[in-house]
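Asks: give the three-dimensional model of this entry:
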Amino acid sequence: MQLEILSPEHKVYSGNVYGIQLPGIQGSFEILENHAPMVAALGKGKMKVIKDKNTSESYEITGGFVEVLNNKASVLIEGATALD
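Replies: Purely as a prediction, here's the structure:
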């Protein structure tokens, strides 16, 4: 799945991933390859980019939106801080 994460200041991430875990406004959810088209609001919390089954990156985000269409996820966020 192609993933692009953008904040107003810069591109946070762009590349192919296995999946992504996001903090929705009503609870966390996960998007994997070939997910149905959707748009969802994001709340404050932890976003996890799963590059493959053994590698991931985590960020603390302050809210935004995600759009999934044609095996591409676009995440628009207000701000992100990388976590160790």
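
Asks: all contacts plus neighbour counts: C-alpha atoms, from now on.
Replies: OK.

Asks: quick check: end-to-end length of stretch 77-84?
Replies: 19 Å (CA to CA, to the nearest Å).

Asks: what's the pLDDT at Ser56?
Replies: pLDDT recorded at Ser56 is 95.

Asks: show the subsequent helix or strand relative to the helix or strand that contains Val75.
Replies: Here Val75, judged by DSSP states H and E, is contained in strand 72-77. Next helix or strand after strand 72-77 toward the C-terminus (DSSP H and E): strand 80-83.

Asks: sheet partners, orientation included, of that next one?
Replies: Applying DSSP bridges, strand 80-83 is found paired with strand 55-69 (antiparallel).

Asks: need phi/psi at the residue of the chain most remote from its centre.
Replies: Relative to the centre of the chain, and counting by CA atoms, centre = their mean, the farthest-placed residue is Asn54 at 17.5 Å. Phi and psi for Asn54, reported as degrees, to the nearest 10, are phi -120, psi -10.

Asks: with Gln2 as the reference, measure out to it.
Replies: 18 Å.

Asks: got it, and Lys11?
Replies: Distance from Lys11 to Gln2, by CA to CA: 14 Å.

Asks: again, but for Ser56
Replies: Here Ser56 is placed at a distance of 15 Å from Gln2 (CA to CA).

Asks: list the contacts of Asn16.
Replies: By CA atoms under 8 Å, 6 or more residues apart in numbering, the contact list for Asn16 reads 1-3, 51.

Asks: switch to 7 Å and redo it
Replies: By CA atoms under 7 Å, 6 or more residues apart in numbering, the residues touching Asn16 are 1-3.

Asks: which parts of stretch 49-56 are buried?
Replies: For stretch 49-56, the neighbour count (16 or more other CA atoms under 10 Å) marks 49-51 as buried.
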